[in-house]
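>>> I would like the atomic coordinates for the input below:
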Amino acid sequence: MPARSRRRCRAGASRCSTTRSTFRATGRTRRSSKARVALGQTATLHLQVNAGTPLKAVLVWTDPPGTVSTGTTPNLVNDLDLRIGSLPSQADHINNVEVISIAAPTSGTYAIDVTAARLGFGSKQSYALVVTGDVSEAPAARVRAVRH
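Numbers count the residues shown, from 1 in each chain. Predicted structure coming up:
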């Protein structure tokens, strides 16, 4: 168990709230969040990433039951896509778990996007996103008023 934990569950509990949970241990942080997205909507998590520790983002969701098919035909009823900034990534239309790993990230602010590419059932899809690495909340963008 990490030295500092802000979890909303007790040991042995069958369900834990991962909403905005942060776990810290030996220079490595795990950031998790739960949210919902509508068709075509993108939810973005902004994190400050420090170099020196691999970065990994894992997106998971429970897909509604669909029809059985063979080959490369998409089996997902609801399809979410994971993307980190402008890094090249290949959309996965078959699995309800998507992972992006960066072995040696450069320091900076990263935008981690979750997009609802297809929703065959329901108006929104719930998901969980877990990010590990040397990460912290990105500083809020400052808004400066300009007079005309």
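
>>> only C-alpha atoms from now on, for both contacts and neighbour counts.
Fine.

>>> quick check: closest non-adjacent residue to the spatially most central residue of the chain.
Centroid-nearest residue in the chain, with Cα atoms, centre = their mean: L129, separated by 3.1 Å. The spatially closest residue to L129, leaving aside those adjacent along the chain, is L59, at 4.6 Å (Cα to Cα, 6 or more residues apart in numbering).

>>> tell me what that neighbour is bridged to.
According to DSSP bridges, E98, L129 are recorded as the beta-bridge partners of L59.

>>> ok, it touching E98?
Yes: counting by Cα atoms under 8 Å, L59 touches E98, with 5.1 Å between them.

>>> quick one: low-confidence residue ranges for the protein.
1-29, 69-74, 140-148 (pLDDT under 70).

>>> do that again at 80, thanks
1-31, 67-75, 139-148 (pLDDT under 80).

>>> the helix or strand S33 falls within pairs with which strands, parallel or anti?
Per DSSP states H and E, S33 falls inside strand 28-38. Using DSSP bridges, strand 28-38 pairs in its sheet with strand 21-25 (antiparallel), strand 124-133 (antiparallel).

>>> name the nearest residue to P65, ignoring sequence neighbours.
In space, P65 is closest to V77, 7.2 Å off (Cα to Cα, 6+ apart).
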